[in-house]
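Peer 1: Here you go, sequence then predicted model.
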Amino acid sequence: MKRIVFAIICSAFFAACSSAPKRAMLVRDTAVAASNYFETANNELAAGDIENAGQNLQKAYLLATSVDETDLLCRISLSAMIYRLSVAAADVSAFSVRSANHEVPFAGLSSEMLLERAREFAKRTERTDLLLQICHVYEQKNVVSKNHNTADFSKAIQVLNQVEGSLSKEAYYLAFLHRTRGDVYEMLGNFSEADRNYQLAADLHVKNRYLYEIGIDWYSSARVRSKAGNKQGAVEALEMALKYDRDAENTPAIASDYFAIARILAKGNPDKNELSRAIRAAKWAASIYEAGYFTSQAQEARAFAAELEGAGQTAEDVLLPEEEK
C-alpha cells in the first residue's frame, strides 16, 4: 500500500514538472530594443530629422554591439552612412550634432568607413551574400552623392542592375535601389527613367507601408518632371507627396512640398493664376515652417512670396489645403 501511495506521489511530481514552462533558450530583449531604435532612426532620416536620427542610430549600434548582433550591425552601419551623407548635404557640422550623452554619433567615421564596417559585419553573418549585395547598392549611393562631377554613372547603373535580382524579397532595400538608380539617371539627364525608378520605389514603399519614405519618392519624381519641363506633372507629383507627408505628420516635408509647388508654378512665364497660386503656396509653406519652429526656412519662403508680389502680383495670405486636392 505504501508503495502505491509513493508511486502516486512520484507520478504527480513528475507530471507537475513536465507541465512547467520550459526555460528560455533564446533571449532577444536587447536585440529587439536595438531594432526599435534602428527603425525609428530610419524614419527620422526619411523625415529629415538628422540630429535625432544620428542619436538613435548610435543607440541602436551600441545595443547591437553589446550582444554581437552582426546582421543588425551591418544594416545600422549602412543607415549610418546615409546619416553621414545627410549631415554633409544639410551643411551641418557632424560635431555639432550631439547625442544625449554629449558624444558625436559615429565620430570620426566617414561614409566610406561606415560602408567598410558594414561589409565586415556582413561577412560575419548567415546572410553574407545578400548583405554584401546590399552594400553594393549603398556604395553606388555614396559614390554618386559625393562625386557628382567624376562618378562613373554608367558603371553605377550596371552595378545596380546586377544587384536588383538578389533583392526581390528585401522590399526596403529594393526600393532604396530603385531610388538610387533614379538619382543616377537624374544625373545622367535621363529624366523619364529617373521618374520611372522613383515610381517603382513609391509602389514598394506603399505596398510595404514605409510611410515616411513615400513622400520622398514623389518629391523626387516632381523634381525630375520639373527638370524635364513638365510643370503640370511636377505639381501632380507634389500633391501626392503632400498626401503621404500629411499622413506621416511630417511638418518640414509638408512645408517643403508647398514651397516646391510655389517654385515650380513660378518657373518660366507663369500666367496670372499660376503666379497667384505660387504666392499663396509660398506663404502657406512659411506658416507651416513657423508652426514647426523652422525659422530660417520660413523666412526663405516668405521672401520668395514677397519677390513674386514685387512683380505686381497679389494673392491671399493663405493657400487652403483643399486647393491642392
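Peer 2: Okay, I see it.

Peer 1: For the residue nearest the centre of the chain, give me the pLDDT.
Peer 2: Most central in the chain under Cα atoms, centre = their mean is A46, positioned 2.9 Å from the mean C-alpha point. Reported pLDDT at A46 in the predicted model: 94.

Peer 1: check which helix or strand covers it.
Peer 2: helix 29-47 (DSSP states H and E).

Peer 1: Only the buried residues of that helix, if you could.
Peer 2: 31, 34-35, 37-38, 40-47 (16 or more other Cβ atoms under 10 Å). In short, each C-beta sits where N, CA and C put it, glycine included.

Peer 1: by contact count, what packs against that helix?
Peer 2: helix 50-66, helix 70-89, helix 211-227 (3 or more Cβ pairs under 8 Å, 6 or more residues apart in numbering; DSSP states H and E).

Peer 1: try 10 Å this time
Peer 2: Counting contacts by 3 or more Cβ pairs under 10 Å, 6 or more residues apart in numbering; DSSP states H and E, helix 29-47 is packed against helix 50-66, helix 70-89, helix 211-227, helix 251-265.

Peer 1: need those in JSON lines with mean pLDDT and distance to K146, can you?
Peer 2: Formatted as JSON lines, these follow (pLDDT from 0 to 100; distance: least, Cβ to Cβ, whole Å):
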{"stretch": "helix 50-66", "mean pLDDT": "96", "distance to K146": "17"}
{"stretch": "helix 70-89", "mean pLDDT": "95", "distance to K146": "7"}
{"stretch": "helix 211-227", "mean pLDDT": "97", "distance to K146": "19"}
{"stretch": "helix 251-265", "mean pLDDT": "97", "distance to K146": "23"}
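
Peer 1: Of all the ones you listed, which one comes closest to V184?
Peer 2: Closest to V184 of the helices and strands packed on helix 29-47 is helix 211-227 (Cβ to Cβ; 11.7 Å).

Peer 1: now for the strand or helix carrying A282, which elements pack on it?
Peer 2: Using DSSP H and E, A282 sits in helix 272-291. Contacts defined by 3+ Cβ pairs under 10 Å, 6+ apart place helix 272-291 against helix 231-247, helix 251-265, helix 295-309.

Peer 1: Count the residues that sit near F176.
Peer 2: F176 has 22 neighbouring residues, counting by other Cβ atoms under 10 Å.

Peer 1: Quick check: the gap between Q133 and V27.
Peer 2: 30 Å (Cβ to Cβ, to the nearest Å).

Peer 1: And these two? Which one has more around it.
Peer 2: When Q133 and V27 are compared for neighbours, Q133 comes out ahead with 21 against 9, by other Cβ under 10 Å.

Peer 1: still on that earlier bit, just the CA trace of the helix holding A46, in CSV.
Peer 2: Below are the C-alpha coordinates for helix 29-47, written out as CSV (Å, rounded to 0.1, in the frame of the first residue of the first chain):
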residue,chain,number,x,y,z
ASP,A,29,15.4,41.7,-25.4
THR,A,30,18.5,43.8,-26.3
ALA,A,31,18.4,42.9,-30.0
VAL,A,32,14.7,43.9,-30.1
ALA,A,33,15.4,47.2,-28.4
ALA,A,34,18.3,47.9,-30.9
SER,A,35,15.9,47.1,-33.8
ASN,A,36,13.4,49.6,-32.5
TYR,A,37,16.0,52.3,-32.3
PHE,A,38,17.1,51.4,-35.8
GLU,A,39,13.5,51.6,-37.2
THR,A,40,12.9,54.9,-35.5
ALA,A,41,16.2,56.3,-36.8
ASN,A,42,15.4,55.3,-40.4
ASN,A,43,12.0,57.1,-40.1
GLU,A,44,13.8,60.1,-38.8
LEU,A,45,16.3,60.1,-41.7
ALA,A,46,13.4,59.9,-44.1
ALA,A,47,11.7,62.8,-42.3
